[in-house]
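Asker: pasting the structure only:
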């Protein structure tokens, strides 16, 4: 049986990709910087780092398909490193590659798209798991403080991104495509807050922040200025792809995309006060 290698395997999406492949009966190799700390049942854990292409060699033995990741913000994978990664994939006989886009173009994505590999770029919009940033204030105060409350989002369940990646890696059929991956509906922050409140059976108030207050909040959370500016752009001038529902999840996996209400039910205990 051929093997699939998942990089970024312990991340929000990678762990779901691994789980979907394992559930489908596929041999999975999970690349991580620290295998001793990884909890990925059913997968073979291997140590490696995309920033060090030489560390990939052993993990590519017998591998047919690979999921790669790019990084939001400043990409540490420059053109030379990206070219080296692609060369190692080709030398190892890898046939199929998915690239999980972390926001914008990247040298790694470009290198893959200019190769003769069967590539598919996964372009998810806002992750539903981002709402966990509100968990502390909901638990402690029953309040959400956020800016850009009028923005619209076709936010997607992290597991659906992983399921799409797993289906493409296992079955192919989407070579040469960039797949925008969304949820089944368009929501605003008031919609999200209302759904969480209904799920946990508690009134949750939304306090709208000004743009400058939102900047201050992101800075206080430790985000550097360039990331704060990206957030301001993404939330204040959301591109059309961010609020346009696509059929990618159902088209690729054969089942409907999960709703935010379903995500909220799955994560309800994260928002409830511990008594």
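Answerer: Alright, I've got the coordinates. On a predicted model such as this, the values are computed, not experimentally measured, just so you know.

Asker: any idea how far residue 177 is from residue 135?
Answerer: Here the distance between residue 135 and residue 177 works out to 35 Å (C-beta to C-beta, to the nearest Å). In this view, the C-beta of every residue, glycine as well, is placed from N, C-alpha and C.

Asker: oh sorry, the question was meant for residue 84
Answerer: 25 Å.

Asker: More neighbours: which of these two?
Answerer: residue 84 (17 against 14; other C-beta atoms under 10 Å).

Asker: secondary structure class for residue 29?
Answerer: strand (DSSP: H, G, I helix; E, B strand; the rest coil).

Asker: So it sits against residue 44, correct?
Answerer: Yes. Using C-beta atoms under 8 Å, residue 29 is in contact with residue 44, at 4.8 Å.

Asker: those strands in the stretch 151-275 of the chain, which residues are they?
Answerer: For the stretch 151-275 of the chain, the strands defined by DSSP state E, counting those that start in this stretch cover 177-181, 205-209.

Asker: which of those strands is buried the deepest?
Answerer: Comparing the strands of the stretch 151-275 of the chain by mean neighbour count (mean count of other C-beta atoms under 10 Å), strand 177-181 comes out on top with a mean of 19.

Asker: Sketch out the low-pLDDT regions of this structure for me.
Answerer: Along the chain, the model assigns pLDDT under 70 to residues 1, 71-76, 274-275.

Asker: those helices in the stretch 1-150 of the chain, which residues are they?
Answerer: 14-23, 79-91, 107-113, 135-141 (DSSP state H, counting those that start in this stretch).

Asker: Tell me which of those helices lies nearest to residue 248.
Answerer: Ranking the helices of the stretch 1-150 of the chain by proximity to residue 248 (C-beta to C-beta) places helix 14-23 first, at 14.9 Å.

Asker: Which residues does the closest one contact?
Answerer: Helix 14-23 is contacted by residues 4, 6-9, 28, 30, 40-43, 67, 69, 100, 158-159, 161-163, 165-167, 169-170 when judged by C-beta atoms under 8 Å, 6 or more residues apart in numbering.

Asker: list the buried ones in that helix?
Answerer: In terms of neighbour count (16 or more other C-beta atoms under 10 Å), helix 14-23 has its buried residues at 14-22.

Asker: do the same with stretch 159-173
Answerer: 159-170.

Asker: Run the chain-centre distance for stretch 2-20.
Answerer: 11 Å (C-alpha atoms, centre = their mean, to the nearest Å).

Asker: Next: stretch 26-45.
Answerer: How far stretch 26-45 lies from its chain's middle: 18 Å, per C-alpha atoms, centre = their mean.

Asker: Ok, stretch 177-187 next?
Answerer: From the chain centre to the centre of stretch 177-187 is a distance of 12 Å (C-alpha atoms, centre = their mean).
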